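A.B. asks: Need coordinates for the below:
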Amino acid sequence: GYTIICLLPFLFLLLGRNWLDKVRQQHFPQTSPLPSTKALLEVLALGMAVWIITSFCFAWLVYNSEGLDVTPFWIIVGAYAAGYLGGYIAIFAPSGLGVSEGLVTLILGPYIGTNTILAIAISFRIIQTIVIWLNILYTVIIISRGAQREID
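C.D. replies: So this is what the prediction gives:
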């Protein structure tokens, strides 16, 4: 339930979009308009899909490491989401590094064991980082090939 708190700023933006855009136009007339309500809802849906997929992958890693009878699925998924939201809020830590893993360990430690869940959380962070950098590399390769074709 605590992870839903992150929707409050989004709801403020969504409900106050027209008012916020008027304020933007008044104070910053040369800037581009805010995204449409439809675009905001599409971003919300995409963001939720990414969070769901990532949370399921974290739970899958926990279950593969410790077995299916470790702890209920929703506690694992909720701990992951809460830990990473805490990491986003921790502005003193770059990318929530350490904060996210610490919160996940704090929440799941009593169920799985502190050392074990800390190792799983750090491993998942490393896997996520590798996946992100592979996506960046793939995108750069695709863009550079497209630019090369335009030149030829």
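
A.B. asks: Give me the residue at the spatial middle of the protein.
C.D. replies: The C-alpha lying nearest the average C-alpha coordinate of the chain belongs to Trp51 (Cα atoms, centre = their mean; 5.7 Å).

A.B. asks: For it, which non-adjacent residue is closest in space?
C.D. replies: Leaving out its chain neighbours, the residue that sits closest to Trp51 by Cβ to Cβ, 6 or more residues apart in numbering is Ala81, at 6.5 Å. C-betas here are computed from N, CA, C, even on glycine.

A.B. asks: May I have the secondary structure class of that neighbour?
C.D. replies: Three-state call for Ala81 (DSSP: H, G, I helix; E, B strand; the rest coil): helix.

A.B. asks: Now name the helix or strand holding Ile107.
C.D. replies: Using DSSP states H and E, Ile107 sits within helix 99-112.

A.B. asks: Can you report phi and psi for Trp74?
C.D. replies: phi -70, psi -30 (degrees, to the nearest 10).

A.B. asks: which residues does it contact?
C.D. replies: With contact set as Cβ atoms under 8 Å, 6 or more residues apart in numbering, Trp74 has no partners.

A.B. asks: Any figure for the gap between it and Phe124?
C.D. replies: 18 Å (Cβ to Cβ, to the nearest Å).

A.B. asks: can you map out the helices along this structure?
C.D. replies: 7-15, 17-27, 37-66, 73-89, 99-112, 114-151 (DSSP state H).

A.B. asks: Between helix 37-66 and the shortest one, find me the angle.
C.D. replies: Comparing the axes of helix 7-15 and helix 37-66 via axes from the mean of the first three to the mean of the last three Cα atoms, to 10 degrees yields an angle of 160 degrees.

A.B. asks: before we move on, what about the longest one?
C.D. replies: Between the direction of helix 114-151 and that of helix 37-66, the angle (the same axes, to 10 degrees) works out to 130 degrees.

A.B. asks: Now helix 114-151: buried residues?
C.D. replies: 116-118, 120-121, 124-125 (16 or more other Cβ atoms under 10 Å).

A.B. asks: Let's have the residues you listed in a markdown table, adding distance to Pro94 and pLDDT.
C.D. replies: Shown next, in a markdown table, are the buried residues of helix 114-151 (distance: Cβ to Cβ, whole Å; pLDDT from 0 to 100):
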| residue | distance to Pro94 | pLDDT |
| --- | --- | --- |
| Thr116 | 26 | 93 |
| Ile117 | 22 | 94 |
| Leu118 | 19 | 94 |
| Ile120 | 22 | 94 |
| Ala121 | 17 | 94 |
| Phe124 | 18 | 95 |
| Arg125 | 12 | 93 |
